[in-house]
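>>> Fold the following for me, if possible:
(one chain, ligands or ions: 1)
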Amino acid sequence: MSQPIIEVVDLTFDYPGFRALDRVSLAIKPGSVTALVGPNGAGKTTLLRCIAALETPLSGVVRVAGQDVYESPRAVHRLMGYLSDNFGLYSDLSVAQGLEYAARSQGLAPAAVPAAVQSTAERMGLGDKLQNLAGTLSRGQRQRLAIGQAIIHSPQVLLLDEPASGLDPEARGALALVFKALQAQGMSLLVSSHILAELDEYSTHMLALNQGRVLEHRALNHMAHAGVGEVFERLLRLEFVGPAESLAPWFSSQPHVRVNRVDGNGVEIGFSGDASAQAALVGACVAAGHPLTTIAPVTENLQQSYLKSLAAERAGNPTRRAQP
Ligand code: ATP
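Next comes the predicted model:
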């Protein structure tokens, strides 16, 4: 398994008189897009701020690309873009000035700044607004400027706190395309939002928090995205002509397979191979004398996954699956 791009170990954070994060541990894979979800007050913003080294925790370790964020915050900031929930823009700076300021503060070589400003503005659909003041832009444009400022130094990791709040459906759709493009370039994204349908479009993983603890962290079944150098696990269901119970040991011995459950005539597996590995599995299954009638992805959208894990937690039966 590749080294996590973000690693959080036993992180505890207290506001005066209130524990906002309680021994949070997680590892985020490079090239993933993780939907950070949870009820109001779950600790999402606090977690993002701790990862961005903007808050000092009571205890615990956060590493980004292997570097300790509290020991080397400046070095880590070069690897990271952060979009806060209030965007953090200067209203009196023009789009060009705001981008230039971000480029310089992220340590871009002065000679590289003008081209970075131009290409980032174009990428964010602000190429014709370079001289407009941030304070005169619409909410959607300000938000695109803020994302432009966060990515102008081509970070490996992008943290986004409620990036889509207040945007109309068209602007949200455009934002989803930007996130997909950033992921395709190898960037890892951690995105908090309450708009689950929109997160569902581009997220590979779900990280659910509740009351300052990790409720669930796992790959989303419907996403078969390749990460950097790997394929994320997804759930597949195979159906057979007769009872499947005796097949579990055979599946457990196959590469890339984790048996999730067996019921009736079906076997549900977590599969982390690519398309040819999947074809090889089907071939091996038939050759071993287990003819199958169907193989299909188990689909469950983000909203269903999230509500299910929240309901399980509230019923006193938490999922707490933390190894995506
Ligand atoms: P939301 O979805 O509403 O944005 P969140 O999951 O981002 O919530 P946080 O903003 O991280 O949650 O807050 C976690 C908890 O910490 C909440 O109960 C909140 O009231 C509390 N909290 C946040 N900031 C402070 C503060 N400055 N002082 C005291 N408590 C705080």
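>>> Who are the packing partners of the helix or strand encompassing L310?
Using DSSP states H and E, the element containing L310 is helix 302-314. Applying 3 or more Cβ pairs under 8 Å, 6 or more residues apart in numbering; DSSP states H and E, we find helix 302-314 packed against strand 33-37, helix 196-202, strand 205-210, strand 213-219. Yep, even glycine has a C-beta here, placed from its N, CA and C like the rest.
>>> tell me the most buried of the ones you listed?
Of all the helices and strands packed on helix 302-314, strand 33-37 carries the top mean neighbour count, a mean of 26, counting by mean count of other Cβ atoms under 10 Å.
>>> Direction included, what does that one pair up with?
According to DSSP bridges, strand 33-37 has the following sheet partners: strand 188-192 (parallel), strand 205-210 (parallel).
>>> hey, least reliable of the ones you listed by pLDDT?
When the strands paired with strand 33-37 are compared by mean pLDDT, strand 205-210 comes last with a mean of 91.
>>> who's in contact with that one?
Strand 205-210 is contacted by residues 24, 26, 28-29, 32-39, 42-44, 47, 190, 214-220, 223, 232, 302, 305-306, 309-310, 313, 324 when judged by Cβ atoms under 8 Å, 6 or more residues apart in numbering.
>>> and the ligand, which of these contact it?
Within the set of the contacts of strand 205-210, contact with the ligand (Cβ under 6 Å from any ligand atom) is found for G38, A42, G43, K44.
>>> okay, now the third one: neighbour count?
Neighbours of G43 under the rule other Cβ atoms under 10 Å: 24.
>>> To what extent is the spatially closest residue to it that is not a sequence neighbour buried, counted in neighbours?
Among residues not flanking G43 along the chain, G212 sits closest, at 4.4 Å (Cβ to Cβ, 6 or more residues apart in numbering). Per other Cβ under 10 Å, the neighbour tally for G212 reads 22.
>>> now the closest residue to G125 other than its chain neighbours: how far from D14?
Take G125 and drop its neighbours on the chain: the residue closest to it by Cβ to Cβ, 6+ apart is R144, 6.1 Å away. From R144 over to D14 the distance is 35 Å, taken as Cβ to Cβ, to the nearest Å.
>>> in the helix holding L310, what counts as buried?
Neighbour counts over helix 302-314 (16 or more other Cβ atoms under 10 Å) mark L302, S305, Y306, S309, L310, E313 as buried.
>>> Comparing R144 and D14, which shows the higher neighbour count?
Neighbour count, other Cβ under 10 Å: between R144 and D14, R144 has more, with 26 against 15.
>>> who touches the helix or strand that contains that one?
Element membership of R144 [criterion: DSSP H and E] is helix 139-151. Residues from elsewhere that reach helix 139-151 (Cβ under 8 Å, 6+ apart): 81-83, 87-89, 95, 98-99, 101-102, 120-121, 123-126, 129, 134, 137, 158, 160, 163, 166-168, 171, 175, 178, 182, 187.
>>> Let's see which of those residues end up in helices.
The helices, defined by DSSP state H, take in V95, G98, L99, Y101, A102, T120, A121, R123, A171, L175, V178, L182 from the contacts of helix 139-151.
>>> Tell me which of the residues you listed has the lowest pLDDT.
Scoring the ones in helices among the contacts of helix 139-151 by pLDDT puts A171 last, at 80.
>>> Give me the neighbour count for it.
A171 sits with 18 neighbouring residues when counted by other Cβ under 10 Å.
>>> which residues of the stretch 101-250 of the chain score low on pLDDT?
Scanning the stretch 101-250 of the chain for pLDDT under 70 picks out 221-232.
>>> Apply 50 and report the result again.
Applying pLDDT under 50 to the stretch 101-250 of the chain flags residues 223-230.
>>> Please list the residues of the chain that sit near the ligand.
Residues of the chain lying close to the ligand by Cβ under 6 Å from any ligand atom are Y15, F18, A20, G38, N40, G41, A42, G43, K44, T45, T46.
>>> Bridge partners for the first one, pull those for me.
I take that to be Y15. F18.
>>> distance of it from A277?
Distance, Y15 to A277, using Cβ to Cβ: 47 Å.
>>> Please point out which parts of stretch 96-108 sit buried.
Using 16+ other Cβ under 10 Å as the test for burial, stretch 96-108 gives A96, Q97, G98, L99, E100, Y101, A102, A103, Q106, L108.
>>> That stretch: how far from the chain's middle?
Mean-position distance between stretch 96-108 and its chain equals 26 Å (Cα atoms, centre = their mean, to the nearest Å).
>>> Having no further points to raise, I will conclude here.
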